[in-house]
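**Student:** using only what follows, build the 3D model:
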Amino acid sequence: MSLDIVDLSRLQFAVTALYHFLFVPLTLGLSVLIAIMETVYVMTGRTIWRDMTKFWGVLFGINFAMGVATGIVMEFQFGMNWSYYSHYVGDIFGAPLAIEGLMAFFLEATFVGLFFFGWERMSRVGHLIATWLVAIGSNFSALWILIANGWMQNPVGAQLNPQTMRMEVTDFGAVLTNPVAQAKFVHTVSAGYVTAAIFVLGVSAWYLLKGRHAQLAKRSMTVAASFGLAASLSVVVLGDESGYLSSEHQKMKLAAIEAMWDTEAAPAAFTAFGFPDQDARETHYAVHIPWVMGLIGTRSLDTEIPGIKDLVNNAEGYIRNGIDAYDALQTIRAAKTEAEVPAEARMRFENNGAYLGYALLLKRYLDDPRQATDEQVRQAAMDTVPPVGPLFWAFRIMVALGMFFIALTACFFWLSVRRRLDAHPWLLKIAVLSIPLPWIAAESGWIVAELGRQPWIIEGVLPTALAVSNLGASALLATIAGFILIYTVIFVIEMKLMLHSIRKGPQEVSDAHLSNYYPLMKQMAGKA
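**Tutor:** So this is what the prediction gives:
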């Protein structure tokens, strides 16, 4: 069996990205939750809130360290496995990553040290500021990463330089304010908040079931339920915004998520259930909910959402326009000076340059897209359809879990208002069993975002198949196996550390209280 270098490179990046994203959501959410808890401590002076901050801070620290260890590898992969991608768009993609490293990560890492070692060396307010800066740094880190990722989904503020064959920034402000990036940022961050809230709810519920640390657990659950309910509701609202933007910038992704093969009369129905068949181009046993998809995707009752078949037909036209742009590009590059470029070639490239990426889809079948047959053009147009089945189900798993999180946090919020958090042991057991679910939802969301963009590494600009480095299959297989082994060890270590800390439980006698006994303990030690 021949091994495809593109597929192996994608598999390696998918493995490292999905492993890394096991740690990111909890870091985002716990950093804010512990900042809230310490704020209450500073405002009230009640030491139990300090104990809560320290306990959940230990779990945050374990998770943060593992996230850093797995995240560093990701940036190196762009140069090692995706060298042409780095060459083609490095001017745009590199800037957010550099800013993330210089500003967000260093801010976060610096104040993490102050959080752990500054309790007795800083004032209460000073330490609280450090804690909030940890939370701000965590979220800033996500912001810059998602600005880079959002540009891959909706490339704005840049254009191709025909001479260097590189994308160059024309409007960095447009890159920063990219609506897709902003929507992805708030949606991803809110998902992280939900993850942390469910985690705190589940661990606290376990303590209540075991009859341990009841006061600390109840207060933690009250904060987590309130925070989690607000975050869960915001995830739904912000997810709707992402769906609306997809209808503008990534029509094929939206059609694939919905398994919408044919364009429906507006407003389109939402397919709640079904079995997509990509070969037959139909969805078996489909159950539709009228109007819902039209309202989500277009926020109107009279705007159509194009189906996959019509989008493929459109792609054929884009490919032919792209071939004309490719031909003009070769003429421009053949000219020795700018003055020698024919005006006709320059005009053709200006008119059709936006479709150049579609012509590059033909590079999978032949070296010169201008020599493509009609059959090859049709095949390249079919390649614009991502895997429909995985997208269809990943999206529905994510949505179903989102609805569950709203119900779960709402129940605990209501019980916290009534001060009856331990009234229903069966509900506490559900909270414990729910701990892994936010990660399933988050990973499903990334599958939707990244798999739905295929065959593009940059939507409409650069096909994934052209972005890889010239590596051997054996090297890729060896590194994939190595990453899986190392990351699995890291994951097992984190689980052991987290479970050990949870079983040990929080130290509810605060350091402030222990300091009262320190002179006596020192005197007794001297006598001994």
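
**Student:** how about Q278, phi and psi?
**Tutor:** Backbone dihedrals for Q278, given as degrees, to the nearest 10, come out at phi -70, psi -30.

**Student:** could you do L160 as well?
**Tutor:** According to degrees, to the nearest 10, L160 has phi -80, psi 130.

**Student:** that one reaches I92, doesn't it?
**Tutor:** No - under the criterion of CB atoms under 8 Å, L160 is not in contact with I92, lying 11.2 Å apart. C-beta: built from backbone N, CA, C; applies to glycine.

**Student:** need phi/psi at the residue nearest to V235 when sequence neighbours are not counted.
**Tutor:** Take V235 and drop its neighbours on the chain: the residue closest to it by CB to CB, 6 or more residues apart in numbering is S190, 4.6 Å away. Main-chain torsions, S190, degrees, to the nearest 10: phi -60, psi -40.

**Student:** just I458 next, same as before
**Tutor:** Backbone geometry at I458, expressed as degrees, to the nearest 10, gives phi -130, psi 120.

**Student:** ok, A265 next?
**Tutor:** Per degrees, to the nearest 10, the backbone of A265 is at phi -60, psi 140.

**Student:** contacts only, for the residue nearest to V235.
**Tutor:** A231, S234, V235, L238 (CB atoms under 8 Å, 6 or more residues apart in numbering).

**Student:** mind giving me the packing neighbours of the longest helix along the chain?
**Tutor:** As assigned by DSSP state H, the longest helix anywhere in the chain is helix 214-249. If contacts are counted by 3 or more CB pairs under 8 Å, 6 or more residues apart in numbering; DSSP states H and E, helix 214-249 sits against helix 24-44, helix 47-80, helix 179-210, helix 251-258, helix 292-298, helix 388-417.

**Student:** and the fifth one, what other elements does it pack with?
**Tutor:** Translated: helix 292-298. Counting contacts by 3+ CB pairs under 8 Å, 6+ apart, helix 292-298 packs against helix 214-249, strand 270-277.

**Student:** including distance to I493, mean neighbour count and mean pLDDT, could the ones you listed go into JSON lines?
**Tutor:** Output for these, formatted as JSON lines (distance: least, CB to CB, whole Å; neighbours: other CB atoms under 10 Å; pLDDT from 0 to 100):
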{"stretch": "helix 214-249", "distance to I493": "25", "mean neighbour count": "20", "mean pLDDT": "84"}
{"stretch": "strand 270-277", "distance to I493": "39", "mean neighbour count": "17", "mean pLDDT": "87"}
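
**Student:** for L427, which of these is the nearest?
**Tutor:** L427 sits nearest to helix 214-249 of all these, at 11.0 Å, using CB to CB.

**Student:** distance-wise, check T170 relative to V180.
**Tutor:** Remark: distance between T170 and V180 (CB to CB, to the nearest Å) = 18 Å.

**Student:** of those two, who's got more company?
**Tutor:** When T170 and V180 are compared for neighbours, V180 comes out ahead with 25 against 12, by other CB atoms under 10 Å.

**Student:** does that one really touch M152, like I thought?
**Tutor:** No - contact status for V180 versus M152: not in contact, 9.2 Å apart, counting by CB under 8 Å.

**Student:** of the helices and strands packed on helix 214-249, which shows the lowest average pLDDT?
**Tutor:** The weakest mean pLDDT among the helices and strands packed on helix 214-249 belongs to helix 292-298, with a mean of 77.

**Student:** now it: buried residues?
**Tutor:** Residues M293, G294, L295, I296, G297, T298 are the ones in helix 292-298 that count as buried (16 or more other CB atoms under 10 Å).

**Student:** again, but for stretch 396-411
**Tutor:** So stretch 396-411, judged by 16+ other CB under 10 Å, has buried residues R396, I397, M398, V399, L401, G402, F404, F405, I406, L408, T409, C411.

**Student:** now it, how far from the centre of its chain.
**Tutor:** Distance, stretch centre to chain centre, for stretch 396-411: 18 Å (CA atoms, centre = their mean, to the nearest Å).

**Student:** neighbouring contacts of it?
**Tutor:** 194, 197-198, 201, 224-225, 228-229, 232-233, 235-236, 239, 272-273, 427, 430-431, 434, 437-438, 440-441, 444-445, 448.

**Student:** domain ranges for the chain?
**Tutor:** When the chain is parsed with automatic domain parsing, its domains come out as 1-81+472-515, 91-177, 253-298, 308-382.

**Student:** of all those, which lies closest to A217?
**Tutor:** Nearest of these to A217, taken as CB to CB: domain 1-81+472-515 at 8.9 Å.

**Student:** chain center to the closest one: distance?
**Tutor:** Relative to its parent chain, domain 1-81+472-515 has a centroid offset of 15 Å by CA atoms, centre = their mean.

**Student:** go on, stretch 139-153?
**Tutor:** Taking mean C-alpha positions (CA atoms, centre = their mean), stretch 139-153 and its chain are 9 Å apart.

**Student:** now stretch 297-305
**Tutor:** Mean-position distance between stretch 297-305 and its chain equals 27 Å (CA atoms, centre = their mean).

**Student:** C-alpha coordinates for it, CSV please?
**Tutor:** Only the C-alpha atoms of stretch 297-305 are listed here, as CSV (Å, rounded to 0.1, in the frame of the first residue of the first chain):
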residue,chain,number,x,y,z
GLY,A,297,-27.2,30.1,8.6
THR,A,298,-28.7,33.2,7.1
ARG,A,299,-30.8,34.8,9.9
SER,A,300,-33.6,35.3,7.4
LEU,A,301,-36.5,33.5,6.0
ASP,A,302,-35.9,34.2,2.3
THR,A,303,-32.1,33.5,1.7
GLU,A,304,-31.1,30.2,0.3
ILE,A,305,-28.2,28.1,1.6
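
**Student:** identify all contacting residues around it.
**Tutor:** 243-244, 246-247, 251, 254-255, 258, 260, 263-268, 291, 293-295.

**Student:** for it, which positions count as buried?
**Tutor:** For stretch 297-305, burial by neighbour count (16+ other CB under 10 Å) applies to G297, T298, E304, I305.

**Student:** Three-state assignment for V489, please.
**Tutor:** What DSSP: H, G, I helix; E, B strand; the rest coil gives for V489 is helix.

**Student:** report the contact partners of E264.
**Tutor:** By CB under 8 Å, 6+ apart, the residues touching E264 are E304, I305, G307.

**Student:** re earlier: list residues touching both of L160 and I92?
**Tutor:** Common contacts of L160 and I92 (CB under 8 Å, 6+ apart): M167, E168.

**Student:** in CSV: the contacts of E264, plus distance to I99, secondary structure and pLDDT.
**Tutor:** CSV is the format used below for the contacts of E264 (distance: CB to CB, whole Å; DSSP: H, G, I helix; E, B strand; the rest coil; pLDDT from 0 to 100):
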residue, distance to I99, secondary structure, pLDDT
E304, 40, coil, 84
I305, 36, coil, 84
G307, 40, coil, 90
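
**Student:** with these in mind, which one is nearest to D383?
**Tutor:** G307 (17.2 Å).
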